[in-house]
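Q: I would like to see how this sequence folds:
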Amino acid sequence: MPVRMMLAVVAGVMGAVVAGPASALTCQDPAGFDKWLGDVRREAAAQGISARAVNAGLDGVTYDPSIIKRDRGQRFFKQSFEQFSAKMVPLYRVQKGSSLLRQYAGLLSRIEQEFGVPGPILVAIWGLESDFGAARGKLHTIRSIATLAYDCRRTELFTPQLFDALRIIQRGDLSPDEMRGAWAGELGQAQFMASNYYRLAVDFDGDGRRDLIRSVPDVLASTANYLKSHGWQRGGSWEPSTPNAEVLRAWNKSPVYARTIGYFATKLENGASARATR
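A: Take a look at the predicted model:
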């Protein structure tokens, strides 16, 4: 289970963008999920999403009660920053992150030049979100999002996510089968929600696709683009109470999680500085 959902970011995952016109869909439609899904198809067409993308994304999609059980089962964690950061930033993760900083030094330098976000922050987020790509989740993303959109608890959050997931397919970034992730619809190595993926993902490796599943350049550049879009200040500190610390809160609304990103990044930065002075 992704940490951000364990922390119960109820108002929206990763500052998820809720965009587009208000939906006319009826959550928990008395006529059932299949009827509701037919309405989704019609609304997607009205929004200009191609029949090919709609059919590819929605054919065979069913309601998954286990997703609702997970959503209802969330609990706020009462861990302190000290407890949480100790758990999430163990020595092995610092060592792995330091190794990746060196491995991708050139790439991270190019990303910082373009977006203004330094490598330690990007690598820290990468490590916390998916253990550097090792733990992305395997659930069918569109099924998860459709189930949560059909449910009335957070339909205003997840209905736009569903249409943007179809737009990701239409644009050619991912196929429906590639769209597998965590139970609330987070995708890829940085756990982007579909609306953030559609609007903020970057094709940084130049292959014509925004691939946050497999492409490390796309993952790191897209994370930087997300932070830049929320006001990251080039060259600024990310210590608590700074503007960049507030941007990290836009990444995750949990103060403990956001502070842990900065803590992890500082460890990585200090390790890199120590190696440079030897």
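
Q: which one is the residue nearest to the spatial centre of the chain nearest to, not counting chain neighbours?
A: Among the residues of the chain, residue 192 comes closest to the average C-alpha position under C-alpha atoms, centre = their mean, at 1.8 Å. In space, and not counting its chain neighbours, residue 192 is closest to residue 212: 5.9 Å by C-beta to C-beta, 6 or more residues apart in numbering. (C-beta placed from N, C-alpha, C; glycine too.)

Q: Determine the three-state secondary structure at the one you found.
A: The assignment at residue 212 comes out as coil when based on DSSP: H, G, I helix; E, B strand; the rest coil.

Q: residues in contact with it?
A: With contacts defined as C-beta atoms under 8 Å, 6 or more residues apart in numbering, the neighbours of residue 212 are 187-190, 192, 197, 201, 218-219, 222.

Q: Now do it against residue 191, distance only.
A: With the distance defined as C-beta to C-beta, to the nearest Å, residue 212 ends up 9 Å from residue 191.

Q: How about residue 152?
A: When C-beta to C-beta is applied, the distance between residue 152 and residue 191 equals 25 Å.

Q: Of the two, which one has the most company?
A: Neighbours were tallied for residue 152 and for residue 191 using other C-beta atoms under 10 Å; the higher tally belongs to residue 191 (30 against 10).

Q: pLDDT score assigned to the more buried one?
A: Residue 191 is assigned 97 on the pLDDT scale.

Q: That one reaches residue 131, doesn't it?
A: No - counting by C-beta atoms under 8 Å, residue 191 stays clear of residue 131, with 11.1 Å between them.

Q: And for the nearest residue to residue 141 once chain neighbours are set aside, the neighbour number?
A: Using C-beta to C-beta, 6+ apart and skipping the chain neighbours, the partner closest in space to residue 141 is residue 179 (4.0 Å). Other residues within reach of residue 179 by the criterion other C-beta under 10 Å amount to 25.

Q: tell me the contacts of residue 179?
A: For residue 179, counting by C-beta under 8 Å, 6+ apart, the contacting residues are 140-142, 165, 168-169, 187.
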